[in-house]
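**Q** what follows is a protein structure lacking sequence information:
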């Protein structure tokens, strides 16, 4: 039983992603079914609603696939960096509630920003910059930097 709980704790995020993905896929299948039902109706208004409703599962499936690929690529890059010993070490001071102290994160951020500016074609520097953005609380820029790292990583892997 301890092995099961340890495995659950280790893979907790993947399990939740899997459950949410299954729920979203179920929703997309039901949406697709309902849109097809409306499209086969003789009423023109129902057909128009069915056509509009058909867009939801298509966009939802595209977004789901894109996010799953983003997560898989991020995990792949993290494993490579970990093997190389290049993952940023999280030694930032925290509040008693566990939040990173913003001033410390901002100071650490400058180091990673300079590294990314010095090596703009290195996916590793963009990965670390993304981690620094995340620690500083800027999730939008963190994701953008991670996407840049992923593009550079894909270019390196296929070369």
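**A** Cool, the structure landed. What you see is a predicted model, and the numbers here were worked out from it, not measured in a lab.

**Q** for stretch 90-100, buried residues please.
**A** The neighbour-count criterion (16 or more other CB atoms under 10 Å) identifies 92, 100 as the buried residues of stretch 90-100. For the C-beta atoms, the positions are set from N, CA and C on the backbone; glycine is no exception.

**Q** same deal with stretch 71-82?
**A** Using 16+ other CB under 10 Å, the residues of stretch 71-82 that count as buried are 73, 74, 77, 80, 81.

**Q** OK, contacts around the third one?
**A** Right, the one you point to is residue 77. 123, 127, 149, 150, 153 (CB atoms under 8 Å, 6 or more residues apart in numbering).

**Q** go on, the last one?
**A** The neighbourhood of residue 81, defined by CB under 8 Å, 6+ apart, consists of 87, 124, 127.

**Q** quick revisit: top of the contacts of residue 77 by number of neighbours, please.
**A** For the contacts of residue 77, neighbours were counted using other CB atoms under 10 Å, and residue 127 has the most, 27 neighbours in all.

**Q** does that residue really touch residue 146, like I thought?
**A** Yes - when contacts are counted by CB atoms under 8 Å, residue 127 is listed as touching residue 146 (6.8 Å).

**Q** for residue 6, give me the pLDDT.
**A** Taken from the predicted model, the pLDDT recorded for residue 6 is 69.

**Q** right, I mislabeled it, should have said residue 74
**A** In this model, residue 74 carries a pLDDT of 94.

**Q** okay, the residue lying farthest from the centre of the chain: pLDDT?
**A** In the chain, the residue that sits farthest from the middle, by CA atoms, centre = their mean, is residue 42; the gap is 42.2 Å. The predicted structure scores residue 42 at 94 on the pLDDT scale.

**Q** that one in helix, strand or coil?
**A** The three-state label given to residue 42 by DSSP: H, G, I helix; E, B strand; the rest coil is coil.
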